[in-house]
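Peer 1: Pasting the sequence and the predicted model now:
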2 protein chains.
Amino acid sequence: MPVTLKDVAQRAGVSRSAVSRTFTDGASVSPKMRRKVEKAASELGYSPNALASSLTTGRTKLIGLVSNNFHNPVFLEIFDLFTQGLQELGLRPLLVNLTDETEPDGSVQMLKQYSVDGVVLASSTLPPAFAQAYREAGLPVVHSFGRYSSAPTVHIVGIDNVECGRMAARELLARRYRRVGYLGGPADSTSSQDRLAGFQEEIEKNGGIGFSHSFAGAYSFDAGRAEMQRLLKADPAEAYFCGDDVLSIGALSAAEDAGLDVPGELGLIGLNDMEMARWENINLTTIRQPIRQIIRSSLELMVALLEDSERYPEARLFSCSVVQRGTLRPLP
Amino acid sequence: MPVTLKDVAQRAGVSRSAVSRTFTDGASVSPKMRRKVEKAASELGYSPNALASSLTTGRTKLIGLVSNNFHNPVFLEIFDLFTQGLQELGLRPLLVNLTDETEPDGSVQMLKQYSVDGVVLASSTLPPAFAQAYREAGLPVVHSFGRYSSAPTVHIVGIDNVECGRMAARELLARRYRRVGYLGGPADSTSSQDRLAGFQEEIEKNGGIGFSHSFAGAYSFDAGRAEMQRLLKADPAEAYFCGDDVLSIGALSAAEDAGLDVPGELGLIGLNDMEMARWENINLTTIRQPIRQIIRSSLELMVALLEDSERYPEARLFSCSVVQRGTLRPLP
DNA sequence: AAACGGGCTGCAATCGGTTGCAAAGTCGCG
DNA sequence: CGCGACTTTGCAACCGATTGCAGCCCGTTT
């Protein structure tokens, strides 16, 4: 049923090489030959089999798009941008959903079987073991939204989570909150830890501020809501830095339920500036993470890596900025 | 770098066929041989190249997962379920993001180049031309969340949108709303049209009810909000059936902004029952679409189609049910 | 002891393309 | 008209696997 190189060659009365060459640019083909072949090809509706050619060229143009964040709505934006970007580059995303049971080795295996040219890890909650495993398998890896480290072993594109923590702290301090808290994502997520570290550091630099922290079970609405409900039961802080917008929104809902006025009685600042954060019934003050830029840069880096897979690992960090909306009280 | 069949064969001192056979089940291999090969394979870290084998077997286990709904948060759930389901079946999702400029032919081309075994269309807003194009290219297609037709030319799994429209109408009528409206998604989306048709039919069956309708530019928060803002300017209806939860949430935000009490002054009913619909600060009355079942069934159908691609096209419809929450006034 | 039969194994062709190499074709120029 | 240089073309090997077929080995049966 599918029409192959040979069919086209036969129909055009030329050799298979000739056909192959008219479809790979940079090859020398006379205009006459090209016309003949193209005519035959279009009559037959031929399109080259990318997988077969990958056998000899060694490139599949397949990129593993790996994530474990399928519950945070911001990742829909992220997948949208990644897939569009990849498509524009002529690359194809092979989507991999890492559930809790998935082991690094299993996914490496799978990506190797499909000979992906590279792997984009899109996650802020992935244990470093995954990136390591891919790298050790010899795959070019870009970890987007990954943890910054001063000696990265894998290419990272993202933000400085520690600095974001500090930034949130400064924002709360400037507003004279005296007792503040950090409501993080999963305790074992690197982004969650780093944001805490920066936040705590900056708070403690200023003496006399009450500080506490706790973690939600996941970066999700439900987890944020549940954790805030727990906090509200016993002497909550005046303002919280939530490790992600979706947690903030959950927390917000818990606060409203409890009849608390936000920002009057409880202040909240999130992180991400997801689309929903600016919905008028949410109107969340938050720290914006420049998603588009991070993704664009990740893809550029991936392209470079495909050229030269031995490229020295680098960390690309983008600065974040506070978006003032309605969940923190105004500056004094 | 990558280790191949030949390497393993050499190391084990056997023929390549032997190695191949130990890795394909159902082939006859003696236990002794199997041990030898497996030893060599694991020492070398061999894993078979799925793409190379696809050349001779004709199956890639690649499934095109095609959608154009990257702005409706419910689709994150949908992608999550699809990718997990596919992975459990040993299939790999090749994600395709259909943007507005994408033409059916282009995407067919691409999917053919990568020899996908089948295509899952996950979209409620896709022009029928796409499904048709895939089908004509000889690809097994399942259109999930697609339009039901009594003479389907392509396998459909979804809901009866017309019936959902009627259901919404009955819900509003039972509450004695006298002037109702339909706030649909994109005017050219089939789901949007069908929901309107059912809704209007049922409303008009009951005389004396004021009816109006309009369409939002997209299934998105912003579009829903903008359209509701427009409606509120000039003599709005008492209650609206919104073609999708995300529209309802946008509409809700517009209503709250305008200082309207929901459901006191304005009633809203959505469709989907996305996760967010039950967030306490939204608490949307809506029609639940059984997403998990639709996806499970789509995958089962796809598996069946891979066995027998000539299978006669069928439509699988799942019934929806109303989820009572807080955006419609109580029954009299 | 010879014939039979079934289970394993290896050979070699094949899947759809790519590519180095050498032969063939084209062209200008003396 | 002949020669050299350059372009175009086809041959054939190869990428990493699968598979029909024929032959081998080995245990049974008579």
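Peer 2: That came in fine, so what should we check first? Numbers count the residues shown, from 1 in each chain, chains lettered A, B, ... in the order given.
Peer 1: In space, what's closest to A:Ala197 - neighbours in sequence excluded?
Peer 2: Excluding the flanking residues, the one nearest A:Ala197 by C-beta to C-beta, 6 or more residues apart in numbering or on different chains is A:Val162, at 5.5 Å. No exception for glycine: its C-beta is placed from N, CA and C like everyone else's.
Peer 1: Which other helices and strands does the host helix or strand of the one you found contact?
Peer 2: Assigned by DSSP states H and E, A:Val162 belongs to helix A:161-174. Counting contacts by 3 or more C-beta pairs under 8 Å, 6 or more residues apart in numbering or on different chains; DSSP states H and E, helix A:161-174 is packed against strand A:179-184, helix A:190-205, strand A:239-242, strand A:267-272, strand A:286-288.
Peer 1: Now it: buried residues?
Peer 2: A:161-173 (16 or more other C-beta atoms under 10 Å in any protein chain shown).
Peer 1: ok, now stretch A:89-101?
Peer 2: A:Leu91, A:Arg92, A:Pro93, A:Leu94, A:Leu95, A:Val96, A:Asn97, A:Leu98.
Peer 1: With stretch A:235-253 instead?
Peer 2: Going by 16+ other C-beta under 10 Å, stretch A:235-253 has these buried residues: A:236-253.
Peer 1: before we move on, back to that, next, format the buried residues of stretch A:89-101 as TSV and append pLDDT and secondary structure.
Peer 2: Listed next are the buried residues of stretch A:89-101 as TSV, based on pLDDT from 0 to 100; DSSP: H, G, I helix; E, B strand; the rest coil:
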residue	pLDDT	secondary structure
A:Leu91	96	coil
A:Arg92	97	strand
A:Pro93	97	strand
A:Leu94	97	strand
A:Leu95	97	strand
A:Val96	96	strand
A:Asn97	96	strand
A:Leu98	94	coil
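Peer 1: And these, which two are furthest apart?
Peer 2: A:Leu91 and A:Leu98 (20.3 Å; C-beta to C-beta).
Peer 1: Could I get the phi/psi values of A:His143?
Peer 2: The phi/psi pair for A:His143 (degrees, to the nearest 10) reads phi -100, psi 110.
Peer 1: scratch that, A:Val14
Peer 2: Per degrees, to the nearest 10, the backbone of A:Val14 is at phi -130, psi -180.
Peer 1: pretty sure it is touching A:Arg34, no?
Peer 2: No - with contact defined as C-beta atoms under 8 Å, A:Val14 does not count as touching A:Arg34 (10.5 Å).
Peer 1: out of the two, which sits in the busier spot?
Peer 2: Using other C-beta atoms under 10 Å in any protein chain shown, the more surrounded residue of A:Val14 and A:Arg34 is A:Val14, with 17 against 14.
Peer 1: Checking my notes, A:Arg311 in a strand, right?
Peer 2: No - checked against DSSP: H, G, I helix; E, B strand; the rest coil, A:Arg311 lies outside a strand; its state is coil.
Peer 1: Kindly provide the distance from it to DNA strand C.
Peer 2: 22 Å (C-beta to the nearest atom of the strand, to the nearest Å).
Peer 1: Quick one: neighbours of the closest residue in space to that residue that isn't next to it in sequence, just the number.
Peer 2: Among residues not flanking A:Arg311 along the chain, A:Leu305 sits closest, at 5.7 Å (C-beta to C-beta, 6+ apart). Counted with other C-beta under 10 Å, the neighbours of A:Leu305 add up to 20.
Peer 1: Okay, and A:Leu305 sits in which element?
Peer 2: helix A:291-307.
Peer 1: List the buried residues for that helix?
Peer 2: Buried, per 16+ other C-beta under 10 Å, within helix A:291-307: A:Ile291, A:Ile294, A:Ile295, A:Ser297, A:Ser298, A:Leu299, A:Leu301, A:Met302, A:Leu305, A:Leu306.
Peer 1: After it, heading C-terminal, what element do we hit next?
Peer 2: strand A:315-318.
Peer 1: Contacts for that next one next, please.
Peer 2: Contact partners of strand A:315-318, identified using C-beta atoms under 8 Å, 6 or more residues apart in numbering or on different chains, comprise A:148-150, A:152, A:155-160, A:289-290, A:293-294, A:297, A:301.
Peer 1: Got phi/psi on A:Asn49?
Peer 2: Residue torsions, per degrees, to the nearest 10, at A:Asn49 are phi -80, psi 110.
Peer 1: what's the answer for A:Lys61, then?
Peer 2: Taking degrees, to the nearest 10 as the convention, A:Lys61 sits at phi 60, psi 20.
Peer 1: so what's the closest residue to it other than its chain neighbours up against?
Peer 2: Leaving aside its sequence neighbours, A:Lys61 sits nearest to A:Leu91 (C-beta to C-beta, 6+ apart; 5.2 Å). The contact partners of A:Leu91, taken as C-beta under 8 Å, 6+ apart, are A:Lys61, A:Leu62, A:Ile63, A:Asp117.
Peer 1: How much space separates the residue lying closest to A:Asn283 once chain neighbours are set aside from DNA strand C?
Peer 2: Distances taken as C-beta to C-beta, 6+ apart put A:Gly326 closest to A:Asn283, at 4.1 Å, once the chain neighbours are dropped. A:Gly326 sits at a distance of 57 Å from DNA strand C (criterion: C-beta to the nearest atom of the strand).
Peer 1: Neighbours of A:Gly326, how many?
Peer 2: With other C-beta under 10 Å as criterion, A:Gly326 counts 14.
Peer 1: By proximity to DNA strand C, which residue of the stretch 201-332 of chain A wins?
Peer 2: A:Leu306 (15.0 Å; C-beta to the nearest atom of the strand).
Peer 1: So what's the residue count around A:Leu260?
Peer 2: 16.
Peer 1: again but with A:Glu280, I slipped
Peer 2: By other C-beta under 10 Å, neighbour count at A:Glu280 equals 15.
Peer 1: A:Glu256 too?
Peer 2: Count around A:Glu256 with other C-beta under 10 Å applied: 15.
Peer 1: Now it. Nearest residue, chain neighbours left out?
Peer 2: Going by C-beta to C-beta, 6+ apart, A:Glu256 has B:Asn281 as its nearest residue, at 5.4 Å.
Peer 1: what residues does the helix holding A:Leu305 touch?
Peer 2: With contact meaning C-beta under 8 Å, 6+ apart, helix A:291-307 is reached by A:59, A:63, A:74, A:77-78, A:81-82, A:85-86, A:89, A:117-118, A:120, A:140, A:142, A:144-145, A:155, A:157-159, A:272, A:311, A:314, A:316, A:318.
Peer 1: change it to 7 Å
Peer 2: A:63, A:77-78, A:81-82, A:85-86, A:89, A:117-118, A:120, A:140, A:142, A:144-145, A:155, A:157-158, A:311, A:316, A:318 (C-beta atoms under 7 Å, 6 or more residues apart in numbering or on different chains).
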